[in-house]
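A.B. asks: below are the sequence and a predicted model for it; my questions follow.
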Amino acid sequence: MTPKHQSLCRRIIHSAAVTAGAGNLVPIPGFGIAVDLVTMTGMTIALANVFGGSIPKAVAEGLSIAALKETALKQPVKTITKELSRFIPLIGLLIAPTISIGMIEAAGWNIARQMDRNFGDK
C-alpha cells in the first residue's frame, strides 16, 4: 500500500467510523448494527475505488458482513457491551458509539488490506 493509498484509506475509514459512531447514538437495540452495515458497505466501495477496483453493492455488503462478523468474533465482549449499553441511560449513549468507532476502524483496515491485495497490483 503506497503512502497515497494509506492517506486516502485513512480518510475514508475515519469518516465511516465517525458516521457509524453518530448513528450509534440512537438508543434502539439492533439499530447500531444496521447503521454499521450501511456505513461499511459505502466504505468498502470507496476503498475498492482507491485501489482502482470496482465492486457491486451486493459484494460490498457481503464483505462488510464478513468483516463485521470477524471483528465481532475477535471482540465478543465489546460487541455484547455495545448492544447492552443501550439499556443504560446516558452512559450507554457514550459507550455504543465509542465501541462502534473502534470496530469500524479495525474492520475498515482489514478491508483496505484486502482491497490492496485484490486491486493494488493492477
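C.D. replies: Received the coordinates, thanks. Numbering: from 1, shown residues only.
A.B. asks: can you tell me, leaving aside adjacent residues, what's nearest to M1?
C.D. replies: Here the nearest residue to M1 in space, its sequence neighbours aside, is D116; by CB to CB, 6 or more residues apart in numbering that works out to 4.7 Å. Glycine gets a C-beta too; all of them are placed from N, C-alpha and C.
A.B. asks: where does S54 sit: helix, strand or coil?
C.D. replies: coil (DSSP: H, G, I helix; E, B strand; the rest coil).
A.B. asks: that one: what's it in contact with?
C.D. replies: A48 (CB atoms under 8 Å, 6 or more residues apart in numbering).
A.B. asks: from T44, how far off is it?
C.D. replies: Distance, S54 to T44, by CB to CB, to the nearest Å: 12 Å.
A.B. asks: circling back: what is the neighbour count of the residue nearest to M1?
C.D. replies: Other residues lying near D116 total 19 when counted by other CB atoms under 10 Å.
A.B. asks: cool, and P29?
C.D. replies: One way to gauge burial is a neighbour count; for P29, by other CB under 10 Å, it gives 14.
A.B. asks: taking the centroid of this structure, which residue is nearest it?
C.D. replies: With distances taken as CA atoms, centre = their mean, I104 lies nearest the centre of the chain, 2.9 Å away.
A.B. asks: pLDDT on the host helix or strand of that one, on average?
C.D. replies: Element membership of I104 [criterion: DSSP states H and E] is helix 91-119. Averaging pLDDT along helix 91-119 gives 85.
A.B. asks: buried residues, that helix. List them.
C.D. replies: Applying a neighbour-count criterion of 16 or more other CB atoms under 10 Å, the buried positions in helix 91-119 are 92-93, 95-112, 114-116, 119.
A.B. asks: ok, stretch 2-13 next?
C.D. replies: Neighbour-count burial for stretch 2-13 flags 5, 8-9, 12-13 (criterion: 16+ other CB under 10 Å).
A.B. asks: just stretch 35-47 next, same as before
C.D. replies: With burial defined by 16+ other CB under 10 Å, the residues of stretch 35-47 counted as buried are 35-36, 38-47.
A.B. asks: surely Q114 touches L63?
C.D. replies: Yes: A contact is recorded between Q114 and L63 when judged using CB atoms under 8 Å, the distance being 7.5 Å.
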